[in-house]
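In: With the sequence up front, the predicted model follows.
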Amino acid sequence: FAGKIIDWILPVGFSMIILVIGSLNFKPFYHQVKDGKVDKEALESTYKSEFYAKDSFSDLYGLSLDILNKKMVGNFEYVKDDSGFMHSIASASCSEEDAEQFLGDMVSLKEELEQRGIPMVYVQIPSRELKGYSDYPSGVFNKTASVIEQLIKGLNEVGIDTLDIGEYCLNAEEPIQKEQFFFKTDIHLTTDAEMWAGKYVVEYLNENTTCEINKDIFDVGQYRKESHRFRGNLVKESGRYFSKDDTFEVYYPNFATSMVLDNGVQGVKKEGEFADVLMNGGYRKYWVLNYLQWGSPYYKITNKNQERNNVLMIMDSMCMRMVSYLAIGCHKVTVLDPRYFNGIDLINVALESEVYDAVVVCHTSTLLGKNFFPEQMEWNKLLGMKSIDGVNMCSLDYCNGVWTENSNIINIDITQPYIEMSGWAADLQEGLAAEDVYIAIGSHVIKCEYGIESRSLRDFFSNDNFGKCGFRVKIPTELIVEDYTENFQIW
């Protein structure tokens, strides 16, 4: 009799647990399925980010993997090597096609800079799978390192100077161990690694350009160190018990500084000491975010205590701390992140705004596939496409937050760094949303963010196809001033 009770209790108890968990997760998922239309990618993203007690379940999952001595996490998404370093399998891989496009962009950039008489150097941040330094565990294959090797070879063949930080890791007179270079739980480099790599960048700039940068800016003895417990972005799925915590080092100058950060894209301007301007007050959950302006494509750093050295950095997030401390030795550092260009040719915007002593392209695999000169690519896409009728098929509703009142004339304040426009676009004749939306101003064409909710348009035409026809775009005012035109077109 007792056995029958147990046989009955177990499935009922399990069903009750599932019912309780499902009820607790009902609210975050309901709004995505209430209209009967399911966006699988959005649903999966919500599932991963808002699942009830997600961290506790992740901890339990990671603990079970550790007990069973398993190395693979999820659906071949992450793997832990024999030294305890986590690797991302799903997002780390890059293709030869992406590398070929990147090489083409670098050649175009080289030609542009040669016309302006500006020297350039390419700095390669090594992948976590650097052969002989931090290999993948046996049986797991990723071709990122081999693609990067071919990319460096291609750059050398076309005459572009390269600094391969991976080579310094392996062969430098004062090498750095992988335990100091890579976090175990995060894709980014340690702060000590970025300070170490920065010395080689400064050495190159001093020997090959007109820059005269004090190498001591990367001497950690010049700074007060704070150490923080850190869990990175490679252990979100496996919790606290699968991999040991890292230590995140923060360095505060022991000397007076006077810095200015100007980020017109996000409307941020800060002035003061290094820590108040180039740091963001500390991020206990994710300390990497403590430096510079994440998610921004274009901003400038000015050092009032320096009178020379003007450097343009084209980079992603892998060298933000290095660039922060590099700014202490420069009068001005301009930062471009191609991941967020959003169809705007910001490289030429930056080149027109300053006279640089050098351009540094600091590259990791995340920049592969990110077009450096997007406007030319977008123009090519537009060839053969129809320009939609601005009266019947689109509406520019707001300009810098001001309602345009459907006017044919829009006043633009050119003292603002960016012009932000928003509205809607659709094929009213066919009753369909547009495929993409572009705005052309003079010789510039910019791809808009499209697919924003547009309830009023949907309700007015009683057509569900018009439910996400909104667009918005930010355009640097410099483009409008540089290439003024009385008209713009929307595709």
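Out: Arrived safely, thanks for sending.
In: in terms of contact, does S296 touch L261 like I think?
Out: No. With contact defined as C-beta atoms under 8 Å, S296 does not count as touching L261 (10.4 Å). Glycine gets a C-beta too; all of them are placed from N, C-alpha and C.
In: any idea which helix or strand comes after the helix or strand of the chain with the lowest mean pLDDT?
Out: Of all the helices and strands that make up the chain, helix 374-382 has the lowest average by mean pLDDT, DSSP states H and E, namely a mean of 46. Beyond helix 374-382 on the C-terminal side, the first helix or strand identified by DSSP states H and E is strand 394-399.
In: Need the contact partners of the helix or strand following that following strand.
Out: Counting by DSSP H and E, the element after strand 394-399 in chain order, helix or strand, is strand 402-403. With C-beta atoms under 8 Å, 6 or more residues apart in numbering as the contact definition, strand 402-403 has outside contacts at D397.
In: State the next helix or strand along the chain beyond strand 402-403.
Out: In the C-terminal direction, the helix or strand that comes right after strand 402-403 (DSSP H and E) is strand 418-427.
In: what's that following strand packed up against?
Out: Identification of packing neighbours for strand 418-427 by 3 or more C-beta pairs under 8 Å, 6 or more residues apart in numbering; DSSP states H and E yields strand 394-399, strand 432-433, strand 470-476, helix 477-482.
In: mind running it again at 6 Å?
Out: If you count contacts as 3 or more C-beta pairs under 6 Å, 6 or more residues apart in numbering; DSSP states H and E, strand 418-427 packs onto strand 394-399, strand 470-476.
In: What average pLDDT does it get?
Out: Rounded to a whole number, the mean pLDDT of strand 418-427 is 83.
In: what's the angle between that strand and strand 394-399?
Out: When axes from the mean of the first three to the mean of the last three C-alpha atoms, to 10 degrees is applied, the directions of strand 418-427 and strand 394-399 differ by 160 degrees.
In: Listing partners with orientation, what would you give for strand 418-427?
Out: As defined by DSSP bridges, the strand partners of strand 418-427 come to strand 394-399 (antiparallel), strand 432-433 (antiparallel), strand 470-476 (antiparallel).
In: Now that strand: buried residues?
Out: Using 16 or more other C-beta atoms under 10 Å as the burial criterion, the residues of strand 418-427 that qualify are Y418, I419, M421, S422, G423, W424, A425, A426, D427.
In: can you check stretch 269-279 too?
Out: When burial is assessed from 16+ other C-beta under 10 Å, stretch 269-279 yields the following buried residues: K270, F274, A275, V277, L278, M279.
In: what's the average pLDDT for it?
Out: Stretch 269-279 comes out with an average pLDDT of 96.
In: contact partners of it?
Out: Contacts to stretch 269-279, defined as C-beta atoms under 6 Å, 6 or more residues apart in numbering, come from residues Y252, P253, T257, M259, V260, L261, D262, N290, S324.
In: Repeat that for stretch 119-127.
Out: For stretch 119-127, contacts defined as C-beta under 6 Å, 6+ apart pick out 113, 144-145, 152, 155, 160-166, 204, 209, 318, 358-364.
In: give me that answer again for 7 Å
Out: Around stretch 119-127, the neighbours that count as contacts under C-beta atoms under 7 Å, 6 or more residues apart in numbering are 106, 109-110, 113, 144-145, 148, 152, 155, 160-166, 169, 201, 204, 208-209, 318-319, 358-365.
In: Same check on stretch 156-176?
Out: Counting contacts by C-beta under 7 Å, 6+ apart, the residues touching stretch 156-176 from outside are 106-107, 110, 120-126, 130, 132-133, 152, 155, 181, 193, 196-197, 200-201, 204.
In: Okay, and which of those map to strands?
Out: Among these, the ones falling in strands (DSSP state E) are M120, V121, Y122, V123, Q124.
In: Which of these has the largest number of neighbours?
Out: Using other C-beta atoms under 10 Å as the neighbour criterion, V123 leads the ones in strands among the contacts of stretch 156-176 with 24 neighbours.
In: Tell me the confidence at it?
Out: We note a pLDDT of 96 for V123 in this prediction.
In: my read: G451 touches F471, true?
Out: No. Taking C-beta atoms under 7 Å as the definition, G451 is not a contact partner of F471, at 8.1 Å.
In: neighbour-wise, which of those two wins?
Out: Legend: neighbour count by other C-beta under 10 Å for G451 and F471, higher for F471 (26 against 15).
In: What distance do you get for that one to Y223?
Out: Using C-beta to C-beta, to the nearest Å, one obtains 46 Å as the distance from F471 to Y223.
In: What ranges in the stretch 301-450 of the chain fall below the confidence cut-off?
Out: Scanning the stretch 301-450 of the chain with the threshold set as pLDDT under 70 gives 343, 364-392, 405-415, 441-444.
In: One more: the stretch 151-300 of the chain?
Out: Flagging of the stretch 151-300 of the chain using pLDDT under 70 yields the residue ranges 241, 265, 282-284.
In: Show me the strands in it, by range?
Out: In the stretch 151-300 of the chain, the strands defined using DSSP state E, counting those that start in this stretch lie at 162-164, 223-230, 246-253, 259-263, 268-272, 298-303.
In: now M313, what's its secondary structure?
Out: strand (DSSP: H, G, I helix; E, B strand; the rest coil).
In: shouldn't it be in contact with M322?
Out: No. Taking C-beta under 7 Å as the contact criterion, M313 and M322 are not neighbours in contact, 9.1 Å apart.
In: Of the two, give the one with the bigger neighbour count.
Out: Of the pair M313 and M322, M322 is the one with more neighbours under other C-beta under 10 Å, namely 28 against 24.
In: ok, and for stretch 332-352, which residues are buried?
Out: For stretch 332-352, the neighbour count (16+ other C-beta under 10 Å) marks 332-338, 340-341, 343-351 as buried.
In: Quick one: end-to-end length of that stretch, please.
Out: Its start and end residues considered, stretch 332-352 measures 15 Å (C-alpha to C-alpha, to the nearest Å).
In: Also stretch 451-466?
Out: Using C-alpha to C-alpha, the end-to-end distance of stretch 451-466 comes out at 10 Å.
In: Write the PyMOL selection for whichever of the contacts of stretch 119-127 are buried.
Out: What follows is the PyMOL syntax for the buried subset of the contacts of stretch 119-127, where burial is set by 16+ other C-beta under 10 Å:
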select buried, resi 106+109+110+113+144+145+148+152+155+160+162+163+164+165+166+169+201+204+209+318+319+358+359+360+361+362+363+364+365
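In: Inside helices: which ones of the contacts of stretch 119-127?
Out: Judged by DSSP state H, these include 106, 109-110, 113, 144-145, 148, 152, 155, 165-166, 169, 201, 204, 208 as members of helices.
In: Dump stretch 226-234 to CSV, keeping only the CA atoms.
Out: Only the C-alpha atoms of stretch 226-234 are listed here, as CSV (Å, rounded to 0.1, in the frame of the first residue of the first chain):
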residue,chain,number,x,y,z
GLU,A,226,41.3,48.0,-5.7
SER,A,227,40.4,44.3,-6.1
HIS,A,228,36.8,43.1,-6.5
ARG,A,229,35.2,39.7,-6.7
PHE,A,230,34.1,39.1,-10.2
ARG,A,231,31.9,36.6,-12.1
GLY,A,232,31.9,37.2,-15.9
ASN,A,233,29.7,36.6,-18.9
LEU,A,234,30.8,33.1,-19.6
